[in-house]
Structures are given as C-alpha cells and as structure tokens.
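A.B. asks: After the sequence you'll find the predicted model.
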Amino acid sequence: MSAAITDDGDGGKKRDWLGVEDSEGEEDAVSDEEEESRVKGISRATKRRKVDHASDDEDDSGGDEEEEAVGEIDEAPKAKKGKGNGRSKSKDSAENDDELLFTNPNKLKPLTQDELAASKLATSKTGVIYLSRIPPFMKPMKVKQLLSRFGEIGRIFLSPEDPKAYARRIRFGGNKKRNFDEGWVEFRSKKDAKLVAETLNTTTIGGKKGSYYYDDVWNIKYLPKFKWHHLQSQIAYENASRQAKMRTEMAQATRENKTYIRNVERAKMVKNMEIKKRKLNEDAGNGGREEKVEVRRQFRQNKTKGVAQEGVRAESSEKVKRLLSNIF
Amino acid sequence: MAATTPAPVPAAPPAAPALPPDFAGLGIDRWLVDSLGALAIRRPTPIQAACIPPILEGKDCIGGSRTGSGKTVAFAAPILQKWASDPTGIFALVLTPTRELALQITEQFTALGSPQNLKTCLLIGGTDMRAQALALAARPHIVIATPGRLADHIRSSGADTVCGLLRVQVVVLDEADRMLSDTFAADLETCLSAVPPGGLNGRQTLLFTATMTDAVRALKTLELRQGRRQVFVCELGTEQLAVPAALLQRFLLLVPYTREAYLHTLLSTPGNEAKSVIVFTNRTATADLLARTLRLLGHRVTSLHSGLPQRERIDSLGRFRAEAARILVATDVASRGLDIPAVEVVVNFDVPRDPDDYIHRVGRTARAGKKGEAVTFVTQHDILLVEAIEARTGTKMERYEDEPGVSLEGRVVRETLQEVSEKKRVAVMDMDEGRNENGKRRKRHREKADRRSKARTE
C-alpha cells in the first residue's frame, strides 16, 4: 500500500513504487516507459475498485482495512491527474478518468527529441528531501500545503504506518486517522530543497497559534545526488528479478509434474500387463503356482523415536530419575 | 439430592465400576455440581468417577485415560472443592507442557470457579514477564504455568513474588509423560523446589496422562517412603486401546512429492469440504510452508507452531476454535490436550516419529464419545513408523478409500498437481523473501534491528 501524490501525470505508476506491502503491486513490474505505466495505472485502478466493492471475507481484518485505505488515498491523485505527457508538463485536463479507460495506449505519441531533452533537464534540476518523521496524522496534502510555500513541489510519498499497528491502536480505542511513518518530497528546484532542509530541520512548524501542528517539529534531510527514480529503481529491479525467478520455478514445476504423471501412467500400464499375464497363466492351467514378488528397490526407512526406540531408557534416566524421586 | 458419603472406590483399576449418575454421588459440593452442569458436564466419565474420591481424600494420584475422556475435570473438580472449603493464597499449581494447553486449563478453571470468585494466574512464555510477576505476587488461588516460564520466575523474579508458592497444597502435572521427559526435567526440578515437598504434611501431587511411559510407571513401583501419602493409581484402558473406539484410522500411501496436492484434493472433496480439519506436520518449517500454500490455494487456514509469536499462536487457535478458519496446520505443539469439539478430521501430513505422538494427534478428534476420522499420509520411507504405531495402538489402519464419485488420484493427476506445485513454489519464494503469511513484506528496518541486536549478542 502506498500513497503518492503526483501532479504530473503517470500516477498509477507511482502509487506502488515502494511496493513495501502490496503484493498485488509487486507483481506488476514498475517500468520507466511511459506507455506501459499508463496501461498499468488504468488496469490497477479498475482492479482496486473491484477489490473495494467485493472485499474478501476470508482476509483478516488487517487486510481488509488496507484495501480500503488504498482506495481512499488514491482518490486524490486520480482526481488531480493530468493526463497529458508528464515530462513535458502539458496538462490536458479535458480527459477524465472514464475516457482514459478507453484510450488506446499504443496511440500515445512518442516524445519528440526536444521534449525528451526538456524532460531530462527538468529531472536534473529536481531535488529530493527526506522526512524521517511525519507529525501525527499529517496527510500528504497537508505536507504539500506546508512545504509548497518554499518552492514548487513535484511528487510526494509518505509511507503509511503498519496496518497491524493501526489495527492495534483502533482496538485499544486510539485515533482512527491514518498515520504515516516517513516520507520523501520532490522539489522542482534543487535550491529550494536544500534551503528547506537547511532552514526547516528541527524547527517548529508554526503557523497559527491554534493549529494542530503549531508546536510540532520538522525532521528534514536533503538527499544529495538523489532523484525520484532512485526510489523506484530498487523496487523495479526486485520485481523484475522476482518474475524471472518465478518463471524458472514454474518451468521446473511443470517438468517435474510431467515426469510424475508419465510415471503414474507407466505404473498403470505395467499393472494391467501383470493382470493380463496372470489371467493367461490361470487360463493355461497353472494358476495355483504363487508368483514370486520381485523386490526391485529398497527405501531407507525413518526410525522411530521416543519410547518405542531401544536404548533411550538407559541414557535418559539420570536427570529424570532425580526428578522422579522428588515427585511424591 | 443429599450428598451421601462417597462409596469407597477400589484402588486397583476397576474392571467395570458402576458409574454414579452424577457428580454429587462422588462427594462433589452442590455449587460445583451446578457450575459443572452449566458447562454441560453432568455424568462423570470413568476416569472422573475413579479419581475424584481418592483425590478428595488427599491421596497422591496417577491417572491415565484415553484422549478426550475428561481428565481435566478429574483434577479440576476436586481441587476446586478442596480450595472452596479453605480459599487461601496459592492453593494449587498446574503445570502443562504447552502454552495453549495452559491457557485452555485456565479458562476451564475460571469457568468452573467463577461462582466462588476464583482468581487464576497464567504463567506462560512469550508474554510479558512483569505483568505475570505482579499477578503472581498478588497471591492468586490457582497458578497454571508452563515449566520454563515458572522456573524463570523462580530464578529471577525475587523471593517476594514466588514465596506464595511455598503454601501450595496441590501440584498437578498434566500430560505427565511429557513433563517427566528429558526436555522438561531441569525446569521441572526448579519448579518443584519452590513448592513444599511431597508427603503427608507437604503437597499433594497429581499426575495425568493419556499415554503411560516407563517414567510414569516407575513411580508406581517406587517404594513407600516414611510419611509419604498413599499413591492412587488409575489406568483406564490405556493398555489395551489407546485411541478412542469411535475413531476411523486410515492411511494414504503416496510419494512425498505429491503430498501437498493430495492434501489439497482431500480437503476439497465434497465430503470434507465443510469439515473442520487439523493437519499435523513434524516441523515448523513444513507447517509454515503448508499453511502458506493452502492459503494461496484458497482454503481458510490458520497455523499453530513454535515459529509464530505467542500473540499469533493464541489468535490463530482462537480463530480455529471460532471456526473462522476451517483448517489448522500445526506441529506437535497442538497435539496434546487441546479440546476443540468441532474437529472432525485429523490429517497426519508427516507420520510422527514417536507412536505416542500419533495417539495424541489423532486424539484431537473423536472426543467425548463423538465420531472422528484420521488420515495419515504414508510415504515409502515410513513403513517402520506405521508398524510401530499399529503395535502401540493395537489397531490396524485401513487403506483410504475414495468417496463415491471422487477419485483422489485422478483428480491429483488431472487437475490439482500443477496448480498446487506452482502455489507451493510461490509460497517458498515468499518465505525466502521474508514476507508474512498475507504476502506483505516485513518492514525492513525491523529486520535490520534484528540483525543489529544479533550482532550485539555475538
């Protein structure tokens, strides 16, 4: 489960970039290609909706809540999503979600040389800060609102708390709001990011005196030489290697199964042949003769333990004897 | 209903004792008869009829009886009655080999003793030690414990906390054969050192088990010391038939490679689809893998083994009890004592190495006269084990026969084998990646912290 707020396109992709806890998300490899990510974004969005409606009974409570949470948090980016080319920042607000579902991803125009260069430049200028602690129950939108005063913000990700911890808090009558553990914020300009980290770290959030977060403290670090895609690359790599591993495992399983099934068939054939042979023998009149069972193979046998095992009594006695004398 | 003086019960195992119609006939007080009745326990079983009067008289006792024949009540009822006549500090100490069993016995004591405001205290591993120490220091009436944790308290919680144990009058060792084995010997010695010694002026000791071992039998023959209590021995039918008569024991001969597929197929036949099942394995790793595989295959499954945190162990047992989960995958930690009436089928995924374990495992079903079924998966390596089990139980296992209209082998070969082996591989990968049973990856920083603490201890 993850919550990512994006204001420049490809939201579906980012939603699961960390993939720390979402098994569903893990299976879809995160790829850097725009088109693919968009297709996945769509399919995942529809999948989510389905999950939300028919929540699985068998899942324990923690799992269910998690599913809901995903839907809840996802609303924001979906609504906000600019559907145009993210890197060139051309926002095409005419399209809405439903139209997106029928868009043929293959018809998306490839980036022109200029656009590509522009997007690369924009990426090189960005800076990422790390929030080691999120004030209690502060949501991504609030973080964005508070930090956008210091510079234009790109993407935000706050990692939600452990669903088990959440369930525990609810059980003991705690706050039902969602907590976040840590987070990353991308600034469009490196300078802003550095400045924010330098000036805001270990200072109070401030604002109006009555505000809930007035006395809370920022914990911010600037991540040098760090881009947003670094956050995703590890996950992408892990997913890809997992899929490759899974493929070989499945192939292996299929091979073994085939061998087993072939053996079962052969055993049946041999059995039938034997039955036929015996019948022939009986018909020939020498049925009374017992056929000798041929031992072809012997298997190693597991040994018994405990009382049934010989020799245990003698060695176990020392400690136990002393104990037994104390019993009555 | 006038409580008459209890009829003298012969000390030797009675051949066919005329069972008294109710507990009042055994000398049990009215309030206890009522609270037993509230739990739908009205007619004493043979072991209860035989053991309750001598325990009330103050004799030491060794009780052996089949699984599911009511041994817990056989010691709980007389203890509560004696305690109620003089409700003092720590009156009794009950020791069990497993935590879940201790929990279950605590629940039974609480249910029976609630009309008299009984205070119990549960001392088991895997939970907070400080809270337990406080509870123990508050002098509860009855302490139920596992030996390791109690020994730990005796060693480290201070004399103030454990001095209450010096006034214990009754000590019970449930599953005595297991308790008197090497595993628990050291801890048990520590525990017994903290309670008064045996004898006429000391504690009364009660041993109960479903499977007698030589260690327990040796106690019978131990010579009578000066000032020792009389030992009452009652062994009902553990010799001739150790498993309940209403239990159908069957085996399925198969190759180890196809065990998971057969299990999946067996669990989803029309006849078994709705039944509550316990699947026993020999190792925690097998149990873990099996639970994950079955979960991926869409079964409602929960697991109980020592690899889980205590919280989850109790939760999963609770889920199984409440029938929120249909299948419990467990190791031998669940094989003894647990009383779950709904269990209809026990599957031995591995053949137990110790025949006694087999008796306890299959004893999770067919309890209190009900019907039950046990299916044991036998591979080509387990012939000796099966022979040992058959010799121990004195019965022959039958070959598993397919339900009408369902060919197990056909289904495995045609349908399930591929699916199950794929899911199993997924489960293995999940385990390698350290995901939990719901497919969520564990928090990395927690793992890091574990590694760090490990490095520190080394």
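C.D. replies: Yep, it's here.
A.B. asks: what residues does the helix or strand hosting B:Gly318 touch?
C.D. replies: Using DSSP states H and E, B:Gly318 maps to helix B:310-321. Here helix B:310-321 makes contact (C-beta atoms under 8 Å, 6 or more residues apart in numbering or on different chains) with B:99-100, B:103, B:124-127, B:276, B:302-305, B:308, B:325, B:328, B:334, B:338, B:340, B:342. Where you see a C-beta, it was placed from the backbone N, CA and C, and this is true even at glycine.
A.B. asks: Show me what secondary structure element comes after that helix.
C.D. replies: Sequence-wise, the next helix or strand downstream of helix B:310-321 (DSSP H and E) is strand B:327-330.
A.B. asks: following that following strand, which helix or strand shows up next?
C.D. replies: Using DSSP H and E, the next helix or strand after strand B:327-330 towards the C-terminus is strand B:343-348.
A.B. asks: then that following strand to PDB, C-alphas only?
C.D. replies: C-alpha atoms of strand B:343-348 as PDB (Å, rounded to 0.1, in the frame of the first residue of the first chain):
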ATOM      1  CA  VAL B 343     -12.600 -31.100  14.800                       C
ATOM      2  CA  GLU B 344     -13.800 -33.900  12.600                       C
ATOM      3  CA  VAL B 345     -10.700 -34.900  10.700                       C
ATOM      4  CA  VAL B 346      -7.100 -35.100  11.700                       C
ATOM      5  CA  VAL B 347      -4.600 -35.400   8.900                       C
ATOM      6  CA  ASN B 348      -1.000 -36.500   9.600                       C
END
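A.B. asks: List the pairing partners of that strand within its sheet, with orientation.
C.D. replies: If you go by DSSP bridges, strand B:343-348 pairs up with strand B:276-280 (parallel), strand B:372-378 (parallel).
A.B. asks: so of those, which one's packed in deepest?
C.D. replies: Per residue and on average, the most neighbours among these fall to strand B:276-280, with a mean of 25 (mean count of other C-beta atoms under 10 Å in any protein chain shown).
A.B. asks: Give me the buried positions along whichever helix or strand B:Gln249 is part of.
C.D. replies: Per DSSP H and E, B:Gln249 falls inside strand B:247-253. By 16 or more other C-beta atoms under 10 Å in any protein chain shown, the buried positions in strand B:247-253 come out as B:247, B:249, B:251-252.
A.B. asks: Check these and tell me the two furthest apart.
C.D. replies: B:Leu247 and B:Leu252 (16.2 Å; C-beta to C-beta).
A.B. asks: you'd agree B:Ala245 is in a helix?
C.D. replies: No. Read with DSSP: H, G, I helix; E, B strand; the rest coil, B:Ala245 is coil and lies in no helix.
A.B. asks: What pLDDT is listed against it?
C.D. replies: Among the per-residue scores, B:Ala245 holds a pLDDT of 81.
A.B. asks: any idea how far it is from chain A?
C.D. replies: For B:Ala245, the distance to chain A (C-beta to the nearest C-beta, to the nearest Å) stands at 23 Å.
A.B. asks: what residues are up against that residue?
C.D. replies: Listed by C-beta under 8 Å, 6+ apart, the contact set of B:Ala245 is empty.
A.B. asks: From B:Gly394, how far out is it?
C.D. replies: 11 Å (C-beta to C-beta, to the nearest Å).
A.B. asks: Next: B:Ala40.
C.D. replies: Look at B:Ala40 and B:Gly394: by C-beta to C-beta, they are 31 Å apart.
A.B. asks: okay, the two: which has more neighbours?
C.D. replies: Remark: of B:Ala40 and B:Gly394, B:Gly394 carries more neighbours, 11 against 6, as counted by other C-beta atoms under 10 Å in any protein chain shown.
A.B. asks: Leaving out chain neighbours, which residue sits closest to A:Gly154?
C.D. replies: Take A:Gly154 and drop its neighbours on the chain: the residue closest to it by C-beta to C-beta, 6 or more residues apart in numbering or on different chains is A:Glu186, 3.7 Å away.
A.B. asks: and the one you found, that one's in a helix?
C.D. replies: No. Counting by three-state DSSP, A:Glu186 falls outside a helix, being strand.
A.B. asks: what are the bridge partners for it, then?
C.D. replies: Beta-bridge partners recorded for A:Glu186 (DSSP bridges): A:Val128.
A.B. asks: Sheet partners, orientation included, of the strand holding B:Gln249?
C.D. replies: strand B:372-378 (parallel), strand B:398-399 (parallel).
A.B. asks: Could you save the ones you listed as CSV and add columns showing mean pLDDT?
C.D. replies: Shown next, in CSV, are the strands paired with strand B:247-253 (pLDDT from 0 to 100):
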stretch, mean pLDDT
strand B:372-378, 93
strand B:398-399, 90
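A.B. asks: who touches the residue lying closest to B:Ala210 once chain neighbours are set aside in this structure?
C.D. replies: Nearest non-adjacent residue to B:Ala210, counting by C-beta to C-beta, 6+ apart: B:Thr67, 4.7 Å away. By C-beta under 8 Å, 6+ apart, the contact set of B:Thr67 is B:210, B:243-244, B:359-360, B:362-364, B:367.
A.B. asks: out of these, who has the most neighbours?
C.D. replies: Tallying neighbours with other C-beta under 10 Å puts B:Val362 at the head of the contacts of B:Thr67, with 29 neighbours.
A.B. asks: hmm, back to that, report the buried members of the contacts of helix B:310-321.
C.D. replies: Neighbour-count burial (16+ other C-beta under 10 Å) applied to the contacts of helix B:310-321 gives B:99-100, B:103, B:124-125, B:276, B:302-305, B:308, B:325, B:328, B:334, B:338, B:340.
A.B. asks: For B:Asn117, state which of those residues is nearest.
C.D. replies: Nearest to B:Asn117 among the buried ones among the contacts of helix B:310-321: B:Leu103, at 20.5 Å, using C-beta to C-beta.
A.B. asks: OK, contacts around the closest one?
C.D. replies: B:122, B:124, B:314.
A.B. asks: Let me have those residues in a markdown table, extended by pLDDT.
C.D. replies: Converted to a markdown table, the contacts of B:Leu103 look like this (pLDDT from 0 to 100):
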| residue | pLDDT |
| --- | --- |
| B:Leu122 | 94 |
| B:Ile124 | 93 |
| B:Ile314 | 93 |
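A.B. asks: Out of the contacts of B:Thr67, list just those in strands.
C.D. replies: Assigned to strands by DSSP state E, none of the contacts of B:Thr67 qualify.
A.B. asks: Out of those, list just those in helices.
C.D. replies: Counting by DSSP state H, the part of those found in helices is B:359-360, B:362.
A.B. asks: pull the CA atoms of stretch A:239-251 into PDB?
C.D. replies: Listed next in PDB are the C-alpha coordinates belonging to stretch A:239-251 (Å, rounded to 0.1, in the frame of the first residue of the first chain):
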ATOM      1  CA  ASN A 239      10.200  -7.100  -9.200                       C
ATOM      2  CA  ALA A 240      12.000  -8.000 -12.400                       C
ATOM      3  CA  SER A 241      14.300 -10.500 -10.700                       C
ATOM      4  CA  ARG A 242      11.400 -12.000  -8.800                       C
ATOM      5  CA  GLN A 243       9.500 -12.500 -12.000                       C
ATOM      6  CA  ALA A 244      12.400 -14.100 -13.800                       C
ATOM      7  CA  LYS A 245      12.900 -16.400 -10.800                       C
ATOM      8  CA  MET A 246       9.200 -17.200 -10.800                       C
ATOM      9  CA  ARG A 247       9.300 -18.200 -14.500                       C
ATOM     10  CA  THR A 248      12.200 -20.700 -14.000                       C
ATOM     11  CA  GLU A 249      10.500 -22.100 -10.900                       C
ATOM     12  CA  MET A 250       7.200 -22.700 -12.800                       C
ATOM     13  CA  ALA A 251       9.000 -24.300 -15.600                       C
END
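A.B. asks: Assumed B:Leu308 was part of a strand.
C.D. replies: No. According to three-state DSSP, B:Leu308 belongs to no strand; its state is coil.
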